[in-house]
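Novice: Predicted model and sequence below, questions to follow.
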Amino acid sequence: MKPVHEVSEGSVRPSGDGATGGHTHTPSAGGETFRASHRGRVEMLGSLSLLAACLLAGGVLTGCGADASLGTLGQEERGRGQVNNKVIVDWIVHTDEVTSPNTPSNTPPRRSRTFAMVSVAMHDALNGIESKYERYASPASDPQASPVAAAAQAAHDVLVSLFQDRRDELDAKLAASLGGVNDDEARARGIALGRAAAAALLSARASDGSNVVVSYTPIDQLGFWRPTPPAFAPALEPNWGNVTPWGLQSGSQFRSRAPYPLPSAEYAADFTEVHDYGSASSGIRSADQTSYALFWFEPSANGWNRLARTAVAIQPKNIWKTARMFALMNMALADGYIASFDSKYVWQSWRPITFIPAPDDGNPATARDLSWVPLRPTPPIPDQTSAHTAAGFAARAALIEVFGDDPGNPMTMTSSTAVPVGSTRTWATFTQAAAENADSRVMVGIHTRQSVVDGETQGRLVGDYVIGHRLRPLGN
């Protein structure tokens, strides 16, 4: 039996004062927690831009976290370590495009699996040319292969296997990538190596349990999850906690603690907070809290891969480092979903949209509100833990491993769920982004504070474990 480590409280709390610009939350040192808004406030600590510090010291690129060789990245064969990372970023964008439609094959946990499969296949292909980091699945090697061709072919083949109806579109994107490789022999070798890397990855994940369908019957008792309005859809992916992890030993390795008992003061405090702040008609949620509640509503894999693209544009890396960054981040993010879904379907705890209108939860400090609705509809999965939070903090760990917490300049991006459309938010650090992402789940009215706090702790444990055990630098 795999070890189970009980997860204790983390540190995400809302600011309650509506600070703007995305710099709204910083988890406190040591993982300590405290109530916010009517239970206290979190004060965001500013951070000095690393780029500004480097400029003051006279160092523009070298020594400031960027690869000094990147001024010559336009030519593939001018040294393997100088190959442009554009092909990696391009295929992460293509993955975002094919996973964006909301279909049964694109549930949030399945999107995380897709991003992990694509990025790991590219990583393995590149390390078959020059072994800089541990590989996940593929033993194939060819030092004469084109890195661009190998990475593009690997990503293409994985995506075609998962989205066969998009083959024509993906074939055209592959042709565009291969068109930039002028050496015919290196291109052909790269294509063969990419195919081998994709085939090895697809074989390794073929029996990972992601296609296992299990029946799930909700428990008709107070405190337990049941289908939620407006769609009253059946439980989503009840087997996902049993999917083979990418880096963890099992989905239960970092299982969370149980939800608070219904009669407890902690449960009552969480009830009151999400009732007051998460309501569609909340009178105390600030404009900024509403902004990030909506901004972070999109699936985690899409948002965090966009943030990673933003970071690598600020602090460029060569093709090997870029591929490893995306692979490591997406493995951690995917394992964050697996760990969270294990907890969700063990505890099966009910959602705010269910417990706030409930007739009697046995707690004298809570008051039924039949008119209450959240800011956005609740996904059809149990509360404890917040997968959004766990995935975000797991991704954060991998990004910090590569860039440091501050990549050198503020990170600004938009979101597919931003309101107004195209509006942006900005963060100085990955920790700030992860904390805001986590708090958004309470502000949007779909999670309790405990599920967010425990999701943070779970995500930190998952991320640290994955980066400590997968795709490590090789000694040569």
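Specialist: Thanks, I have it.
Novice: quick one: residue 391 is in a strand?
Specialist: No - assessed with DSSP: H, G, I helix; E, B strand; the rest coil, residue 391 is helix; it does not lie in a strand.
Novice: separation between it and residue 218?
Specialist: Separation of residue 391 from residue 218 (C-beta to C-beta, to the nearest Å) stands at 24 Å. To be clear about C-beta, it is placed using only N, CA and C from the backbone, and glycine gets the same treatment.
Novice: swap in residue 331?
Specialist: The value you get for residue 331 to residue 218, if C-beta to C-beta is used, is 32 Å.
Novice: tally of neighbours for the closest residue to residue 199 other than its chain neighbours?
Specialist: Computed as C-beta to C-beta, 6 or more residues apart in numbering, the closest residue to residue 199 that is not its neighbour in sequence is residue 157, at 7.3 Å. Counted with other C-beta atoms under 10 Å, the neighbours of residue 157 add up to 24.
Novice: oh, and call the first residue 52 from now on, that's how I've got it
Specialist: Got it, first residue is 52 now, which makes that one residue 208.
Novice: can you pull the pLDDT of residue 208?
Specialist: Note for residue 208: predicted pLDDT of 98.
Novice: Thought residue 251 was touching it, still the case?
Specialist: No - with contact defined as C-beta atoms under 8 Å, residue 208 does not count as touching residue 251 (10.7 Å).
Novice: For residue 523, grab the count of nearby residues.
Specialist: 12.
Novice: Could you do residue 200 as well?
Specialist: 27.
Novice: Which residues are in contact with it?
Specialist: Each residue near residue 200 by C-beta atoms under 8 Å, 6 or more residues apart in numbering is listed here: 228-229, 232, 237-242, 244-245.
Novice: how about the strands in this protein?
Specialist: 462-465, 475-478 (DSSP state E).
Novice: Ok, which of these comes nearest residue 134?
Specialist: Residue 134 sits nearest to strand 462-465 of all these, at 24.6 Å, using C-beta to C-beta.
Novice: Now do that closest one, average pLDDT.
Specialist: Rounded mean pLDDT across strand 462-465 is 98.
Novice: what comes up buried for it?
Specialist: 462, 464 (16 or more other C-beta atoms under 10 Å).
Novice: State the paired neighbours of that strand in the sheet, together with their directions.
Specialist: According to DSSP bridges, strand 462-465 forms sheet pairs with strand 475-478 (antiparallel).
Novice: Pull the partner strand out as PDB, backbone CA atoms only.
Specialist: The C-alpha trace of strand 475-478 is given here as PDB (Å, rounded to 0.1, in the frame of the first residue of the first chain):
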ATOM      1  CA  THR A 475      -5.400  41.400 -18.300                       C
ATOM      2  CA  ARG A 476      -3.900  40.800 -14.800                       C
ATOM      3  CA  THR A 477      -0.300  41.200 -13.600                       C
ATOM      4  CA  TRP A 478       1.800  39.400 -11.000                       C
END
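Novice: what does the average pLDDT come to for that strand?
Specialist: Strand 475-478 comes out at a mean pLDDT of 98.
Novice: what's it in contact with?
Specialist: By C-beta under 8 Å, 6+ apart, strand 475-478 touches 72-74, 342-343, 346, 461-466, 469, 484, 487.
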